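> Here's my sequence, what's the structure:
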Amino acid sequence: MKSVLKAMIAALVLLAASQSAHALDVPAAVAEAEALLAAGDHDGALRAANKLIEAAGADPDAWHCRCRVHMARAQDEDALADINRALQLSGRRPKDLTARAQLRLVRRAYDAAIEDADAAIAADAAYAPAWQLRAKAKLRQGHARAALKDAREAVRLAPEDASAYLVRAAVFEAIHDAGKARADYVKATELEPNNAAAWYRLARHDCRNKNDSKRAGPALDKAIALDPDLAKAYVLRAQVKLATNKAAQRASALDDLTAALRLNPDLAEAYFIRAEVERAAEEYAGAVADLRRALALAPDNAAYRALWNEIYRVDAARLIGEAEKLLNDGDYDGAAGRVRKALEIDPHSQALHEALLIIEAQRDK
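Model (predicted):
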């Protein structure tokens, strides 16, 4: 009797939740949260998703929606809990399995991501996002040829989906087919001309291929116009400007790097590139400071470490050698200037401070 009563109560609870969900109009509520997410209002999207779950906690779409919000906020543990709840409620829908696969991909759990994508494809072989996801995971594992098969199927199933072409383009890049990769990036921008990420990836591809590098600038301008907060686009545009070797572009490139770091102060590459520019101009105080920041963010980066060694060993030795030559020629001001530059590299060097005092004393005799 008790078991029958419990079953009746459970049924009533589910019925009430279902009625509440219908009253709320779940698809409209999901669309509202997604719109806030697309606009970059992550806090607003989370509030909307929380309200959705309060009103429609028995609907898997509510949990799927909040999972997406948590993913955008880089709250992976919360996202995983929500998508697991969605899977419990939905009976393992392909879209929920694919969402969990995406989470596992972010965590570099590639085998687990492929397992979820496999399950999604087994449930619905026409679900293109699962093929895309599995292609990404296989590509991360280094299995580009296997990834290409999945990426092609994703495009076949969803020929109007820009993201499918972006995935296939990345695979073509991995197998060094630059022509097909570029064609797919272009197709993505044609399908979604307001997709800043697609324009950025097209520009990045062009920068990597000398034959297309001149076309990168306009694509980056488009990406930044569409998404002024896309920090990595500013970094790449700075590199494009610096590659021209035109002095007039230097200030503009530095402005782009500054903009990138204002948006994301943890961009090690931006500090590194700025340090290279400053070193070329013998602005060593800035170069050393920026390089310190880059190394603090990426201490194992070989290129950053190599530049550090070049400045401290090669440049410092050159400056000291130039100072000695100028001193021998009787150019005390020139020699002092070279030592001061060396002190920008190593301001705590007692030997350099003493050398500067000696030069200035000789000059003042």
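> Please determine how far residue 254 is located from residue 247.
12 Å (C-beta to C-beta, to the nearest Å). All C-beta atoms are positioned from the backbone trio N, CA, C, and that covers glycine.
> Who has more neighbours out of the two?
residue 254 (19 against 8; other C-beta atoms under 10 Å).
> OK, contacts around the more buried one?
Going by C-beta atoms under 8 Å, 6 or more residues apart in numbering, residue 254 touches 238, 274, 277.
> just how off-centre is the helix or strand in which the second one is found within its chain?
Meaning residue 274. Assigned by DSSP states H and E, residue 274 falls within helix 268-280. Distance, stretch centre to chain centre, for helix 268-280: 19 Å (C-alpha atoms, centre = their mean, to the nearest Å).
> and if you look at stretch 218-225?
16 Å.
> let's number from 9 now, not from 1
That works, and once the first residue is 9, the last one we named lands at stretch 226-233.
> and for it, what are the contacting residues?
Residues contacting stretch 226-233 (C-beta under 8 Å, 6+ apart): 197, 204-205, 207-208, 210-211, 214, 238, 241-242, 244-245, 248.
> that older thread, possible to save the contacts of residue 262 as a markdown table with neighbour count and pLDDT?
Shown next, in a markdown table, are those (neighbours: other C-beta atoms under 10 Å; pLDDT from 0 to 100):
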| residue | neighbour count | pLDDT |
| --- | --- | --- |
| 246 | 27 | 95 |
| 282 | 27 | 97 |
| 285 | 19 | 95 |
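> just those residues now: which is nearest residue 45?
Nearest to residue 45 among the contacts of residue 262 is residue 246, at 29.2 Å by C-beta to C-beta.
> So which elements touch the helix or strand containing the closest one?
Per DSSP H and E: residue 246 is located in helix 239-251. Helix 239-251 sits against helix 204-216, helix 224-234, helix 255-271, helix 276-288, with contacts defined as 3 or more C-beta pairs under 8 Å, 6 or more residues apart in numbering; DSSP states H and E.
> Which of the residues in the second one are classified as buried?
Okay, so that is helix 224-234. 224, 225, 227, 228, 230, 231, 232, 234 (16 or more other C-beta atoms under 10 Å).
> swap in stretch 345-356?
For stretch 345-356, by 16+ other C-beta under 10 Å, it's 345, 346, 347, 349, 350, 351, 352, 353, 354.
> ok, which pair from these is furthest apart?
345 and 354 (16.0 Å).
> Where does the prediction get shaky in this structure?
Residue ranges of the chain with pLDDT under 70: 9-31, 219-221.
> tell me the centre residue of it?
For the chain, residue 240 is the residue whose C-alpha lies nearest the centre (C-alpha atoms, centre = their mean; 6.8 Å).
> which residues does that residue contact?
Going by C-beta under 8 Å, 6+ apart, the list of residues near residue 240 reads 208, 268, 275.
> Let's have those residues in a markdown table, adding neighbour count and distance to residue 62.
Output for the contacts of residue 240, formatted as a markdown table (neighbours: other C-beta atoms under 10 Å; distance: C-beta to C-beta, whole Å):
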| residue | neighbour count | distance to residue 62 |
| --- | --- | --- |
| 208 | 24 | 37 |
| 268 | 25 | 39 |
| 275 | 20 | 38 |
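> export the residues you listed to CSV and tack on distance to residue 53?
Shown next, in CSV, are these (distance: C-beta to C-beta, whole Å):
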residue, distance to residue 53
208, 23
268, 25
275, 25
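> Out of those residues, which comes closest to residue 80?
Of all these, residue 208 has the smallest distance to residue 80: 17.9 Å, by C-beta to C-beta.
> OK, contacts around that closest one?
By C-beta under 8 Å, 6+ apart, the contact set of residue 208 is 227, 228, 231, 238, 240, 241, 244.
> Tell me how far the first one lies from residue 208.
Right, the one you point to is residue 227. Residue 227 is 8 Å from residue 208, where distance means C-beta to C-beta.
> how far is the helix holding residue 246 from where the chain is centred?
14 Å.
> Distance of the residue lying closest to residue 200 once chain neighbours are set aside relative to residue 194?
Leaving aside its chain neighbours, residue 200 sits nearest to residue 170 (4.1 Å; criterion: C-beta to C-beta, 6 or more residues apart in numbering). Residue 170 sits 11 Å away from residue 194, going by C-beta to C-beta.
> Which of these two has more residues huddled nearby?
Shown here are residue 170 and residue 194; by other C-beta under 10 Å, residue 170 has more neighbours (20 against 16).
> Please report the distance of the more buried one from residue 42.
As judged by C-beta to C-beta, residue 170 and residue 42 stand 17 Å apart.
> before we move on, what about residue 151?
As judged by C-beta to C-beta, residue 151 and residue 42 stand 32 Å apart.
> Over to residue 123?
According to C-beta to C-beta, residue 123 stands 27 Å off from residue 42.
> Then residue 213?
Where residue 42 is concerned, residue 213 sits at a distance of 29 Å (C-beta to C-beta).
> neighbour count winner among the two?
Taking other C-beta under 10 Å, residue 213 and residue 42 do not tie; residue 213 has more neighbours (24 against 16).
> pretty sure the more buried one contacts residue 174?
No. Look at residue 213 against residue 174 with C-beta atoms under 8 Å: they stay out of range, at 10.6 Å.
> Now the host helix or strand of residue 347 - C-alpha only, PDB.
Per DSSP H and E, residue 347 falls inside helix 340-353. The C-alpha atoms that make up helix 340-353 are tabulated as PDB, following Å, rounded to 0.1, in the frame of the first residue of the first chain:
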ATOM      1  CA  TYR A 340      82.100  59.900 -22.800                       C
ATOM      2  CA  ASP A 341      78.400  60.900 -23.300                       C
ATOM      3  CA  GLY A 342      78.000  58.100 -25.800                       C
ATOM      4  CA  ALA A 343      79.700  55.600 -23.600                       C
ATOM      5  CA  ALA A 344      77.500  56.600 -20.600                       C
ATOM      6  CA  GLY A 345      74.400  56.300 -22.800                       C
ATOM      7  CA  ARG A 346      75.300  52.700 -23.700                       C
ATOM      8  CA  VAL A 347      75.900  51.800 -20.100                       C
ATOM      9  CA  ARG A 348      72.600  53.300 -19.100                       C
ATOM     10  CA  LYS A 349      70.900  51.100 -21.700                       C
ATOM     11  CA  ALA A 350      72.700  48.100 -20.200                       C
ATOM     12  CA  LEU A 351      71.300  49.200 -16.800                       C
ATOM     13  CA  GLU A 352      67.800  49.000 -18.200                       C
ATOM     14  CA  ILE A 353      68.400  45.300 -18.700                       C
END
